[in-house]
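Novice: okay, sequence plus prediction incoming.
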Amino acid sequence: ETGVTQSPTHLIKTRGQQVTLRCSSQSGHNTVSWYQQALGQGPQFIFQYYREEENGRGNFPPRFSGLQFPNYSSELNVNALELDDSALYLCASSHPSNTGELFFGEGSRLTVL
Amino acid sequence: KNEVEQSPQNLTAQEGEFITINCSYSVGISALHWLQQHPGGGIVSLFMLSSGKKKHGRLIATINIQEKHSSLHITASHPRDSAVYICAVYRGSQGNLIFGKGTKLSVKP
């Protein structure tokens, strides 16, 4: 139990739709990062939020966007869904004083039909 | 060529065997993580290393910064160790972890 919760756990969308995934970070953790993991692959970094600001971004198009709220929970939004967006989306929280240790949620599995 | 390479990709062992999983990387890093992922998808952080060696129970992780190589060892392996083990390197302060593809470990009773 890492204290990081993600919702929903599973969802199915169709091409062109939009999706919002949510992550509640561990108490006191002000940094949240999001990762996409395609089947059989390692995760890939999407972006990181620190104190409500985007603080780093991987090689993902602008239709992947995010938010972090004052309570440090976070959302990942994906617009104009494509079939290749089908993946497990993981969030991880951390606190600078933890020297970078990450606490992952269980993930949200998105299927795009 | 991936920036983080793991070997082997798949590993089957008998209960009690000593297991080694290797990770090589080609970029400058500030830290390296070893992660464990179970079939449900959730990831657990096992170790974060920037030098030397760390031990936790039956797990040992080592890193050689000069050779850009890390190993994860499991002593007295058990079926509950069956999972995917992922190496990830941390390049800086902006959350950009680069992950290997993982090593799928299956420990048979």
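Specialist: Yes, it's here. Numbering: from 1, shown residues only, chains lettered A, B, ... in the order given.
Novice: ok, the closest residue to A:V4 other than its chain neighbours - contacts?
Specialist: The shortest distance from A:V4 to any non-neighbouring residue, by C-beta to C-beta, 6 or more residues apart in numbering or on different chains, is to A:G105 (4.0 Å). Using the backbone N, CA and C atoms, a C-beta is placed for each residue, glycine as well. Taking C-beta atoms under 8 Å, 6 or more residues apart in numbering or on different chains, we find A:G105 in contact with A:2, A:4-6, A:23, A:90-92, B:42.
Novice: neighbour-wise, which of these leads?
Specialist: Among the contacts of A:G105, A:C91 has the most neighbours (other C-beta atoms under 10 Å in any protein chain shown), with 30 neighbours.
Novice: how about the helix or strand hosting that residue and chain B, touching?
Specialist: For A:C91, the element it lies in under DSSP states H and E is strand A:87-94. Yes: for strand A:87-94, a contact with chain B is found by C-beta under 8 Å from any C-beta of the partner chain, at A:88, A:90, A:92.
Novice: could I get those as TSV with distance to A:L113?
Specialist: Putting the residues of strand A:87-94 next to chain B into TSV (distance: C-beta to C-beta, whole Å) gives the following:
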residue	distance to A:L113
A:L88	16
A:L90	22
A:A92	28
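Novice: so does the helix or strand of chain B with the lowest mean pLDDT get close to chain A?
Specialist: Ranking every helix and strand in chain B by mean pLDDT, DSSP states H and E puts strand B:97-99 at the bottom, with a mean of 89. Yes: part of strand B:97-99 sits near chain A under the criterion C-beta under 8 Å from any C-beta, namely B:97-99.
Novice: quick one: A:I12 from A:N77, how far?
Specialist: Using C-beta to C-beta, to the nearest Å, A:I12 is found at 17 Å from A:N77.
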